[in-house]
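K.L.:
model this:
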Amino acid sequence: MTSAQSAPRQRPADAAPAQPIAATIADFAAGITLDTIPAPVRECAKLHMLDAVGTALAATRFDFAHRALSGLRGLNEPGFSSLIGFSEKLPLRDAALMNGILIHGLDYDDTHPEAIVHPTASTLACALALGEHVDASGAELLAAYVAGVEVATRIGIAAHGAFHTMGFHTTGIAGHLACANVAGRLLGLNAPQIVMAQGIAGSTAAGSGEYRADGAWTKRMHPGWAAVGGITASALARGGFTGPKSVYEGADGLFRGHAGANLARTDLAQLTAQLGERWVIEEVAVKPFPICHILHACADSALALRRKHNLQPSQIREVRALLHPESFHYVAEPPALRRRPPTDYVAKFSVQYVVAACLVRGRFGFAELEPDALADAAILDMAERVSHDVDPDSAFPRYFSGGVVVRTTDGRELVHMEKVNRGAGDRQLTADEICDKFAQNAGLAVSSGRADEIRAAVLGTEQLTARELMRAVGAR
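P.N.:
Take a look at the predicted model:
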C-alpha cells in the first residue's frame, strides 16, 4: 500500500454532526404531512406540479418521448402504472422513468438557480408512480412531493456548483436521494428505514454531463432514473437491506465522491438548516423559455433590445453575450458547435444560437427548435456574429444573470442586462402566468376542455386519490 493509499481521507464536514445528516432528513420526511406544510407552500407546490404536467403533455408530441416509450415497451413486461398523456401502462419503475423523461425532456421544467437542480422532474415522477401503485391519497402524494423537492434542492445548494464543475448533472445525483425520501414516505417507512433508503440511493446516484458534447439524450432520463433509484432503494430498505448512515458526510460519501477537488466549496450545513421551517420550494423558478435556464437572461436581454430599438438583423454588426465564466462550458463552448447546433438539444444549450434567434425572430419557443429554424440562414448568419464574454456583475449561482451588448453598423453600443433571471427571486412567474404556460403546453397535446380538466385536477390534488389524479392526466 502506498502512502497516498494509506493516508486518512478528510471528511467534508470539519466536525461530525450530532446525528447523521440522513437521520435528520429522514425525521423530516417520515413526519411530514399536509398539515405541517404552510398553506402558501402547498399552493406553490401544486403550481409547480401543474407546470410539470403541462411540460410533460407537450413532450408527448416530440420524437424522444416516442422512442423512449418504444424502448420500454419493447421489454414486453406487463404493467399497470399510468403515464402522463399516454394511454399505455408500464411496470411501476418503467412508468416512473418514462414520466421523468416527459417532465424533463424539453428542458422546460422548474429549476432552483443556486442549486442548479431540476427538483420536480424526479420527485413528481416518483410520487405519481408510487402514489398510484400504493393507492395513496392526494394529500399524501403532495406531502411526499414537497419533501422530495426540499431534499433535492438542498443537496444542490450544499454542493454549490461543485458537482457540475466535476462533470456531473446535479439533478441526476440529488434526485436519487430525494426520491428515496419520497418513496420512503409513500411506502410508510419509519425514519431509520428512510436513513437506510438514502444510504442505498447513494450507490445509484449518478448523472454524467457528457451529453453536453454532442446533445445526446441522456440528460433527459436522469430525473426518471432517479425516481427508479429512489423507489428501488426504499423497497430494499423496507425489506431490511442496509445502506451507510453517513451517505452525505462520510469519507467516501456522496459529497466527497462527486465534488472531488471542489469539496472545500461545499457546505453540508445547508442540507438541514431550517429544514421544515424555510421552504426552499418557494425559491424554485418556473421557466419562461424551453432552453437551459442559464440562457434566459440573455434571451430576455436580446428581446428587450430588439423591441426597444426596433433592431433589424441588417443593423447589427456584432453581439456579445455576457455570462458567468463557469457557465461557458455548458452553453457557449466550443463556439463552432454552438453557432450551428446540429440538434435541437444542442440549440437549447447554445447562447450564440438562442441570442441570434431572439434577435432575428423576436421570440424563442418550440418553433425556434424545429429543423427549419436550425437551418434558417438568417439565424445562422446572426449566430456567427455572437460571441461570449464575462458578466463582471453576475449574481451566479444564486441567479442566472446575463445580458447582451449589441454593436450596430452605425456605431451605437446597446446594452441590456438582467441581474435576476425572469422566473427567479422577486421576478417569479405569477400563478396566472404559470397557468397560461400550462395551457400553451397542454394545448399541444389535448383540447382546451381536457386541459381545463387536468388543471382542475392537479390544483385540487389533495381532494383526490393518486389513482384519480393519474386517470386525470393520462390519455383518454
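K.L.:
So which bits of the helix or strand hosting Arg42 are buried?
P.N.:
Assigned by DSSP states H and E, Arg42 belongs to helix 39-59. Residues 41-42, 44-59 are the ones in helix 39-59 that count as buried (16 or more other C-beta atoms under 10 Å). Placement of C-beta: from N, CA and C, glycine included.
K.L.:
Three-state assignment for Asp109, please.
P.N.:
When classified by DSSP: H, G, I helix; E, B strand; the rest coil, Asp109 comes out as coil.
K.L.:
Do you have the strands of the chain handy? List them.
P.N.:
For the chain, strands defined by DSSP state E occupy the ranges 81-83, 86-90, 316-323, 386-390, 402-408, 413-418.
K.L.:
Now the helix holding Arg42: average pLDDT?
P.N.:
The average of the pLDDT scores along helix 39-59 is 98.
K.L.:
report the angle between the axes of it and strand 86-90?
P.N.:
100 degrees (axes from the mean of the first three to the mean of the last three C-alpha atoms, to 10 degrees).
K.L.:
May I have helix 39-59 exported as PDB, CA atoms only?
P.N.:
Output of helix 39-59 as PDB, limited to C-alpha atoms (Å, rounded to 0.1, in the frame of the first residue of the first chain):
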ATOM      1  CA  ALA A  39     -50.800  26.800   3.000                       C
ATOM      2  CA  PRO A  40     -48.800  29.100   0.700                       C
ATOM      3  CA  VAL A  41     -46.200  26.400   0.300                       C
ATOM      4  CA  ARG A  42     -48.900  23.900  -0.600                       C
ATOM      5  CA  GLU A  43     -50.300  26.200  -3.300                       C
ATOM      6  CA  CYS A  44     -46.800  26.900  -4.600                       C
ATOM      7  CA  ALA A  45     -46.200  23.100  -4.800                       C
ATOM      8  CA  LYS A  46     -49.400  22.500  -6.800                       C
ATOM      9  CA  LEU A  47     -48.400  25.200  -9.300                       C
ATOM     10  CA  HIS A  48     -45.100  23.500  -9.800                       C
ATOM     11  CA  MET A  49     -46.800  20.200 -10.300                       C
ATOM     12  CA  LEU A  50     -49.100  21.800 -12.900                       C
ATOM     13  CA  ASP A  51     -46.100  23.300 -14.700                       C
ATOM     14  CA  ALA A  52     -44.500  19.900 -14.800                       C
ATOM     15  CA  VAL A  53     -47.600  18.100 -16.100                       C
ATOM     16  CA  GLY A  54     -48.100  20.700 -18.800                       C
ATOM     17  CA  THR A  55     -44.500  20.300 -19.900                       C
ATOM     18  CA  ALA A  56     -44.900  16.500 -19.900                       C
ATOM     19  CA  LEU A  57     -48.000  16.800 -22.100                       C
ATOM     20  CA  ALA A  58     -46.100  18.900 -24.600                       C
ATOM     21  CA  ALA A  59     -43.300  16.400 -24.600                       C
END
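K.L.:
how about Glu453, what does it touch?
P.N.:
Residues in contact with Glu453 (C-beta atoms under 8 Å, 6 or more residues apart in numbering) are Ala472.
K.L.:
Repeat that for Leu414.
P.N.:
Neighbours of Leu414 in contact, by C-beta under 8 Å, 6+ apart: Leu305, Lys308, His309, Leu311, Val405, Val406, Arg407, Thr408.
K.L.:
List the contacts of the one residue sitting closest to the centre of the chain.
P.N.:
Nearest to the geometric centre of the chain sits His118, at 1.7 Å (C-alpha atoms, centre = their mean). By C-beta under 8 Å, 6+ apart, His118 lies in contact with His104, Asp109, Asp110, Thr111, Thr171, Pro223.
K.L.:
What values do phi and psi take at it?
P.N.:
Main-chain dihedrals, His118, degrees, to the nearest 10: phi -100, psi 90.
K.L.:
Let me know the pLDDT of the closest residue to it other than its chain neighbours.
P.N.:
With sequence-adjacent residues excluded and distances taken as C-beta to C-beta, 6 or more residues apart in numbering, His118 is closest to Thr171, at 4.6 Å. Confidence at Thr171, expressed as pLDDT, is 97.
K.L.:
how near is Thr153 to Ala442?
P.N.:
26 Å (C-beta to C-beta, to the nearest Å).
K.L.:
okay, those two: which has more neighbours?
P.N.:
Neighbours per residue, other C-beta atoms under 10 Å: of Thr153 and Ala442, the larger number sits with Thr153, 28 against 25.
K.L.:
That one against Pro119, yeah?
P.N.:
Yes. The pair Thr153 / Pro119 is scored as a contact, 4.9 Å apart, by C-beta atoms under 8 Å.
K.L.:
Next, show the common contact partners of the two.
P.N.:
His112, Ala174, Ile281, Val284.
K.L.:
and the gap between the second one and Asn262?
P.N.:
It stands for Ala174. Using C-beta to C-beta, Ala174 is found at 16 Å from Asn262.
K.L.:
Over to Lys437?
P.N.:
For Lys437, the distance to Asn262 - C-beta to C-beta - is 35 Å.
K.L.:
So for these two, which sits in the more crowded spot?
P.N.:
Lys437 (20 against 17).
K.L.:
which ones are touching the more buried one?
P.N.:
Lys437 sits next to Asp51, Gly54, Val286, Pro288, Leu429 when contact means C-beta under 8 Å, 6+ apart.
K.L.:
what about the nearest residue to His329 once chain neighbours are set aside, neighbour count?
P.N.:
Spatially, and ignoring its direct neighbours in sequence, His329 is nearest to Arg212 (7.3 Å; C-beta to C-beta, 6+ apart). Using other C-beta under 10 Å, Arg212 has 20 neighbouring residues.
K.L.:
doesn't Cys292 make contact with Thr111?
P.N.:
No. Taking contacts as C-beta under 8 Å, Thr111 lies outside contact range of Cys292: 9.1 Å.
K.L.:
out of those two, which sits in the more crowded spot?
P.N.:
In terms of neighbours (other C-beta under 10 Å), Thr111 is the more surrounded of Thr111 and Cys292; the figures are 28 against 21.
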